[in-house]
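J.: Kindly return the folded structure for what I paste below:
(one chain, ligands or ions: 1)
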Amino acid sequence: MKNKKIDKTPARLDFIQSATGLILAVFIMGHLLFEASILISNEAMYKMTIFFEGYYFFGETYPGIITFLAAAVSVIFILHILTAIRKFPASYRKYKIMRNHMSTMKHEDTSLWMVQVITGFMMFFTASVHLYIMMSQPSNIGPYASSARIVDEFMGPLYLVLLVSVVFHAFVGLYRLAVKWGFMEGKNSKVSRKRFKITMYVLIAFYLIIGLASLAKYTYIGMTHDFADGERYKSKTIIMEQH
Ligand code: HEM
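T.: Alright, predicted model coming up:
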């Protein structure tokens, strides 16, 4: 009998989608925590910023590192979109079938899939704008510069939409990954599914709270200071040479 060739492309694309999704979810968990350093103090956020600019390794700041990081994240983001977009309902008719399916079956995991489609679509625009700004203005980050962007440059509403969509998307995505690849699945898959779901809700609530609190703090700083002259935060302990 002739050996039939199996097309491995769909499985490969599926793997790329899962792997890039996992990397992005881990990235965002770190990102929102680092960025919440503003909740501790302006100084803490400033130190976090110069850490990523390489200050503690090279003794000077290199904002180009941020450009590089943002470019790398953009490549992973685009790969994730390209591999995920195959699964979007391609026509209104397909969408209607999906909706009927969801309401008759009340299948929670199918509804979670819909959450991914909607939040993914929202991020398509909002995350692109954010990543582009991070790539093009890497030296414009800090307690004052970031607050000025949020208030004076009206990035606040965009960040609010991005925050809600990315938090839901990341943790619903991680839940779906755990179920799909059987990660840490115990003997009773119903029980582990329930555990995954509770963890998912707890993480969503936690990240929404710290994200909203940080956004509120940046907004407060932006509204109570006038940064029209481009004033930058000055550290009390680190004296930076002006280039
Ligand atoms: C290497 C790439 C990235 C860098 C360097 C970066 C950096 C930053 C910085 C410095 C802020 C503070 C506000 C500002 O200065 O404008 C911020 C806010 C934010 N970023 Fe990113 N970001 C990156 C990628 C992403 C991605 C891929 C997402 C989501 C898909 C994201 C979601 C957010 C959200 C939601 C906020 C507002 C946070 C809040 O509400 O507390 N970022 N980012």
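J.: next SSE after the worst-scoring helix or strand of the chain on mean pLDDT?
T.: Least confident element among the helices and strands of the chain, by mean pLDDT, DSSP states H and E: helix 92-105 (a mean of 74). Sequence order places helix 108-136 as the next helix or strand after helix 92-105, per DSSP states H and E.
J.: what's downstream of that next one, the next helix or strand?
T.: Downstream of helix 108-136 (by DSSP H and E), the next one is helix 143-151.
J.: which helix is the longest one in the chain?
T.: helix 189-224 (DSSP state H).
J.: other SSEs contacting that one?
T.: Applying 3 or more C-beta pairs under 8 Å, 6 or more residues apart in numbering; DSSP states H and E, we find helix 189-224 packed against helix 9-35, helix 143-151, helix 156-180. Backbone N, C-alpha and C define where each C-beta goes, glycine included.
J.: let's see 10 Å
T.: Under the contact criterion of 3 or more C-beta pairs under 10 Å, 6 or more residues apart in numbering; DSSP states H and E, helix 189-224 touches helix 9-35, helix 42-52, helix 108-136, helix 143-151, helix 156-180.
J.: so can I have a markdown table of those showing mean pLDDT?
T.: As requested, the helices and strands packed on helix 189-224 are exported to a markdown table (pLDDT from 0 to 100):
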| stretch | mean pLDDT |
| --- | --- |
| helix 9-35 | 95 |
| helix 42-52 | 97 |
| helix 108-136 | 92 |
| helix 143-151 | 96 |
| helix 156-180 | 96 |
